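Q: Whatever this is, show me its structure:
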Amino acid sequence: MAILKNKEIKNLGKEELKKRLKELERELMKINSQRATKANIENPGRIKEIKKTRARILTQLNK
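A: Residues are numbered from 1 along each chain as shown. Predicted structure coming up:
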């Protein structure tokens with residue numbers, strides 16, 4: 001899933017934001033389980049991107 005920019009997040013509807021949020025959480029859970037089992041993570045920087053995008057979506061939903 002692609003990382004969303006602030007402009008893109010503001011243009012999405014509430015239901016679409018919730019859908020994207022669930023997808024991000026699922027992906028983050030997958031990466032964290034790989035990290036916990038000491039498996040090689042393809043892109044470790046992705047964790048930070050996911051967390052930031054998740055925070056942006058939550059901020060938009062709470063406005």
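Q: Hmm, residue 54 and residue 25 touching each other?
A: Yes: judged on CB atoms under 8 Å, residue 25 makes contact with residue 54 at a distance of 7.0 Å. Quick note: C-beta positions are derived from backbone N, CA and C, even for glycine.
Q: who has more neighbours, those two?
A: In this view residue 25 and residue 54 are compared by other CB atoms under 10 Å, and residue 54 has more residues nearby, 16 against 12.
Q: Next, find the distance separating the more buried one from residue 34.
A: Distance, residue 54 to residue 34, using CB to CB, to the nearest Å: 18 Å.
Q: now the helices for the protein?
A: 6-11, 14-36, 45-61 (DSSP state H).
Q: Output those in a markdown table; the columns should cover mean pLDDT.
A: Formatted as a markdown table, the helices of the chain follow (pLDDT from 0 to 100):
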| stretch | mean pLDDT |
| --- | --- |
| helix 6-11 | 91 |
| helix 14-36 | 94 |
| helix 45-61 | 95 |
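Q: what residues are up against the residue nearest to residue 28 when sequence neighbours are not counted?
A: Distances taken as CB to CB, 6 or more residues apart in numbering place residue 50 nearest to residue 28, at 4.9 Å, with adjacent residues excluded. Residues in contact with residue 50, defined by CB atoms under 8 Å, 6 or more residues apart in numbering, are 3, 24, 27, 28, 31.
Q: For residue 4, see how far away the spatially most distant residue from the centre of the chain is.
A: The outermost residue of the chain relative to its centre, with distances by CA atoms, centre = their mean, is residue 38 at 21.5 Å. Distance, residue 38 to residue 4, using CB to CB: 30 Å.
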